[in-house]
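Q: Here is my input, please return the structure:
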Amino acid sequence: GTFSVEYLSGDIIDCNLLKPMEAVDLNDDINIYKNNFRVTNTGTLDGVFSIILEINENEFSNKTLMYSIYDDNGLVIEDYLEGQDEIVLAKKIVLERKVSKDYILVVWIKENGENQNIEMKKKLLGQIRVDASQKVN
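A: Model prediction:
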């Protein structure tokens, strides 16, 4: 069997014109970056996968950008998005055999109660990548 990944929103990350917010509303497409993707395991064995961002440019200050990953059941993980090069957002997510699951990655500026105008003019450029393999017990 094989794993397949469909980047329903594309695999390119181009965040600019983000605005600070306290919490994410998945029905909102304004002021956030949102990426939908599907991971499918057509094999007869369970698998695991990681969600990785390959960052080309990250102009944001530390403790500014947040990311959330949601599946069909709701929030999977939420944390700050910091760093350059390769950033592992989630690892060892189990995907059972013969299953397909949809995920949503959301990136936004975390409201901190201070003037964040300078952060709103910055950008994040990169690519999302999902690496999958057979689950080892």
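
Q: can we go C-alpha only for contacts and neighbour counts from here?
A: OK.

Q: Kindly provide the distance from D79 to E96.
A: From D79 across to E96, the span is 25 Å (Cα to Cα, to the nearest Å).

Q: Between the two, which is the more surrounded one?
A: It is E96, of D79 and E96, that has more neighbours when counted by other Cα atoms under 10 Å, with 19 against 14.

Q: surely the more buried one meets T40?
A: No. With contact defined as Cα atoms under 8 Å, E96 does not reach T40; the gap is 9.3 Å.

Q: Under the pLDDT cut-off, which ranges of this structure? List them.
A: 1 (pLDDT under 70).

Q: where do the strands sit along it?
A: Ranges of strands in the chain, per DSSP state E, are 3-6, 12-15, 20-21, 33-41, 47-58, 65-71, 74-80, 85-95, 99-110, 124-134.

Q: closest one to N27 among those?
A: Closest to N27 of the strands of the chain is strand 33-41 (Cα to Cα; 10.3 Å).

Q: what about that closest one, distance to the chain center?
A: How far strand 33-41 lies from its chain's middle: 9 Å, per Cα atoms, centre = their mean, to the nearest Å.

Q: Centroid-nearest residue for the protein?
A: Nearest to the mean C-alpha position of the chain, by Cα atoms, centre = their mean, lies L105 at 3.5 Å.

Q: sorry, back to before: compare the strands of the chain and give me the one nearest Q116.
A: Closest approach to Q116 among the strands of the chain is made by strand 20-21 (7.4 Å; Cα to Cα).

Q: in its sheet, what does the closest one sit against?
A: Sheet partners assigned to strand 20-21 using DSSP bridges are listed as strand 99-110 (parallel).

Q: tell me the angle the strand it pairs with makes with strand 33-41.
A: Calculated by axes from the mean of the first three to the mean of the last three Cα atoms, to 10 degrees, strand 99-110 forms an angle of 160 degrees with strand 33-41.

Q: wait, D14 sits on K122?
A: No. Assessed by Cα under 8 Å, D14 is found out of contact with K122, at 10.8 Å.
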